[in-house]
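Participant: Generate coordinates for the sequence data below:
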Amino acid sequence: MSDYIIRATAAGGQVRAFAATTRDTVEAARAAHNLSPVAAAALGRLLTGGAMMGVMMKGEEDLLTIKIEGDGPIGGLTVTADSRGNVKGYVFHPEVMLPPNDKGKLDVGGALGVGVLTVIKDMGMKEPYVGQTILVTGEIGDDLTYYFATSEQTPSSVALGVLMNRENTVRQAGGFILQMMPGASEDVIAGLERRLAQIHSVTKLLDEGRTPESILEYVLGEYGLEILDRTDMRFYCNCSKERIEKALISVGKKELQAMIDDGKTIEVNCHFCSKHYPVTVDELKDLLKRAR
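Facilitator: Numbers count the residues shown, from 1 in each chain. Prediction:
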């Protein structure tokens, strides 16, 4: 089953919901960055949340970036998503290994530690929207829930999960976001809170074979769930040799000349997908001619 996100409403428009299955996306990220199990879980959760938040945006060119920086051994995470289901990201320290937490789960909160979450939305305005909150648990789902409540004043519930196989491949990944719309009744809010309290693991639901549609039906079925649309998603990086060349030109003639003087092919690596781009001395000379 390829990865996708669904968008839905319930309770006559009082609730909007998103759900995603993201196993292939998270496995692509794990393989690209050679992630440890806890790093795969951390980045996988943020890729899933970021992808769903990306499709909340309306413009074709809108871009969402989520950064988490903490004092834990993983250092931080960065994820970028667009409104078309493309998402990419990286971990500051992908090799981090930690023992399980007190619930026997991968210790994402311990890996991130105390820190901040920053959301940047570039929607073609003069200045991007920037919202920042503290990490409340470092488990990412809780932190995005807190972000929505404090920065966007939207009561939300964010559930994210990544389940790893013993051989360190991704078994399941996905999640959902439920948001209460202005004017939502107290009965609907209380009923949803009771329902959510019965759900202990989104990866358990996925491992039972549930799709994003059936997960939302499980959570919201009694409230008249209406599926609105589906967006395919993937781990996608738009890096290219041309973009690398533009970046090198931007460093200026002095730096380019220093690279040429070294007389060696340089290698530029993409943070987001770990692709390597060799640039020869002759290519550097050509870039020097194009630099201002």
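
Participant: Residue 35 versus residue 45, what's the distance?
Facilitator: Counting by C-beta to C-beta, to the nearest Å, the gap from residue 45 to residue 35 is 12 Å. For every residue, glycine as well, the C-beta is placed using N, CA and C.

Participant: where does this protein dip in pLDDT?
Facilitator: By pLDDT under 70, the low-scoring segments of the chain are 1.

Participant: By residue count, which helix of it is the longest?
Facilitator: helix 37-56 (DSSP state H).

Participant: In contact with the residue positioned nearest the centre of the chain: list those residues for me.
Facilitator: Residue closest to the average C-alpha location in the chain (C-alpha atoms, centre = their mean): residue 47, at 2.2 Å. The neighbourhood of residue 47, defined by C-beta atoms under 8 Å, 6 or more residues apart in numbering, consists of 22, 25-26, 29, 79, 81, 87-89, 235.

Participant: can you give me the end-to-end distance of stretch 45-65?
Facilitator: Using C-alpha to C-alpha, to the nearest Å, one end of stretch 45-65 lies 14 Å from the other.

Participant: Sorry, wrong one. I was asking about stretch 79-93.
Facilitator: 14 Å.

Participant: Any buried residues in that stretch, and which?
Facilitator: Of the residues in stretch 79-93, 79-92 count as buried by neighbour count, 16 or more other C-beta atoms under 10 Å.

Participant: do stretch 268-280 as well
Facilitator: In stretch 268-280, counting by 16+ other C-beta under 10 Å, buried: 268, 270, 272-274, 277, 279.

Participant: how distant is that stretch from the center of its chain?
Facilitator: Distance, stretch centre to chain centre, for stretch 268-280: 21 Å (C-alpha atoms, centre = their mean, to the nearest Å).

Participant: Can you check the distance spanned by it, start to finish?
Facilitator: Start-to-end, stretch 268-280 (C-alpha to C-alpha) is 11 Å.

Participant: now, which of the buried residues of stretch 79-93 lie within strands?
Facilitator: Using DSSP state E, the subset of the buried residues of stretch 79-93 located in strands is 79-82, 86-91.

Participant: got the residue ranges for the helices in the stretch 151-292 of the chain?
Facilitator: Ranges of helices in the stretch 151-292 of the chain, per DSSP state H, counting those that start in this stretch, are 186-197, 202-207, 212-220, 241-250, 253-262, 281-290.

Participant: What residues are bridge-paired with residue 134?
Facilitator: Beta-bridge partners of residue 134, counted by DSSP bridges, are residue 116.

Participant: For the buried residues of stretch 268-280, could you give me CSV that also reports distance to residue 205?
Facilitator: Shown next, in CSV, are these (distance: C-beta to C-beta, whole Å):
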residue, distance to residue 205
268, 41
270, 34
272, 29
273, 30
274, 31
277, 41
279, 47
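
Participant: which of the residues you listed lies closest to residue 160?
Facilitator: Proximity of the buried residues of stretch 268-280 to residue 160 (C-beta to C-beta) peaks at residue 272, which lies at 19.8 Å.

Participant: between the helices of the stretch 151-292 of the chain, which gets nearest to residue 130?
Facilitator: helix 241-250 (23.2 Å).

Participant: rewinding a little: compile the helices of the stretch 151-292 of the chain into CSV and extend it with columns for mean neighbour count and distance to residue 156.
Facilitator: As requested, those are exported to CSV (neighbours: other C-beta atoms under 10 Å; distance: least, C-beta to C-beta, whole Å):
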stretch, mean neighbour count, distance to residue 156
helix 186-197, 13, 11
helix 202-207, 20, 15
helix 212-220, 21, 13
helix 241-250, 14, 35
helix 253-262, 14, 45
helix 281-290, 14, 46
